[in-house]
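J.: attaching a predicted model along with its sequence, questions to come.
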Amino acid sequence: MGKIKVTTCGIEGLKVIEPAVFGDNRGYFMETYNYNDFAEAGIDCKFVQDNQSASKKGVLRGLHFQINYPQDKLVRVVNGEVFDVAVDIRKGSPTYGQWFGVVLSAENKKQFFIPKDFAHGFLVLSDYAEFCYKVTDFYHPNDEGGIIWDDKDIGIEWPVPEGMELIFSEKDTKWPGIKSLNR
């Protein structure tokens, strides 16, 4: 291995990945994904689709999950900074309802691996952010579920700076709490 550093997060399956970055006076080079390195680190997935979104400061997307076609996700930020969160919603999991958050940025180049059956969301901390993610199943338009971002039963500690106005999609303001899930 050696090309990536993998840190576990206290909830089984979640992993923060730090790629080796090779820099000089011209800039830098890094492998953002290498199947062999990731498989050796216990992330043996077949990614089938790459997605990218752009958002402005204060946008909070999530908490989303797929109902019938769950996806493993490998997420990273290529411009800006976000606070990224995963919530365990695996049926029968000893850490059900627990969350983990990590700052992902173009500067720190960290990636976050989120297995199937986790709810996922992020808050944009910089003026602008571009967010990229690999997924292990294709997008199915009618398969999205969600949990309200401020569910008291989960208790996510979003790092909202004083004076930041949060921006949501309409659907993200209407998701129910985790207690409504049949898991």
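T.: Alright, I've got the coordinates.

J.: quick check: Asp172 is in a helix.
T.: Yes. The assignment for Asp172 by DSSP: H, G, I helix; E, B strand; the rest coil puts it in a helix.

J.: thought it was touching Asp150?
T.: No. Applying C-beta atoms under 8 Å, one finds Asp172 not in contact with Asp150, separated by 10.6 Å. Quick note: C-beta positions are derived from backbone N, CA and C, even for glycine.

J.: any idea of the pLDDT on Pro141?
T.: Here the pLDDT value assigned to Pro141 is 88.

J.: go on, the one 4 residues further on?
T.: For Gly145, the pLDDT comes out at 96.

J.: burial measure for it, as a count.
T.: By other C-beta atoms under 10 Å, the residues close to Gly145 number 17.

J.: okay, now Val78: neighbour count?
T.: Neighbours of Val78 under the rule other C-beta under 10 Å: 15.

J.: right, I mislabeled it, should have said Phe100
T.: Tallying neighbours of Phe100 according to other C-beta under 10 Å, which is how burial is gauged here, yields 20.

J.: which SSE is it in?
T.: Counting by DSSP states H and E, the element that carries Phe100 is strand 99-105.

J.: from Asn108, how far off is the residue lying farthest from the centre of the chain?
T.: If you look at how far each residue of the chain sits from its centre, by C-alpha atoms, centre = their mean, the farthest one is Asn25, at 31.7 Å. Here the criterion is C-beta to C-beta, to the nearest Å. By it, Asn25 lies 21 Å from Asn108.

J.: same question, Gly97
T.: With C-beta to C-beta as the criterion, Gly97 and Asn108 are 28 Å apart.

J.: cool, and Tyr28?
T.: Here Tyr28 is placed at a distance of 13 Å from Asn108 (C-beta to C-beta).

J.: that older thread, of Asp172 and Asp150, which one has the most company?
T.: The residue with more neighbours, out of Asp172 and Asp150 and counting by other C-beta under 10 Å, is Asp172; that gives 20 against 14.

J.: who touches that one in this structure?
T.: Counting by C-beta atoms under 8 Å, 6 or more residues apart in numbering, Asp172 makes contact with Leu60, Arg61, Gly62, Gly146, Ile148, Trp149.

J.: mind listing the strands for the chain?
T.: Along the chain, counting by DSSP state E, strands occupy 4-8, 15-19, 22-24, 27-29, 49-56, 60-66, 73-79, 81-88, 99-105, 111-114, 118-124, 128-135, 144-146.

J.: from the chain's centroid, how far away is stretch 173-183?
T.: 19 Å (C-alpha atoms, centre = their mean, to the nearest Å).

J.: before we move on, what about stretch 100-111?
T.: Per C-alpha atoms, centre = their mean, the displacement of stretch 100-111 from the mean C-alpha position of its chain is 10 Å.

J.: report the rounded mean pLDDT for it.
T.: For stretch 100-111, the mean confidence score works out to 98.
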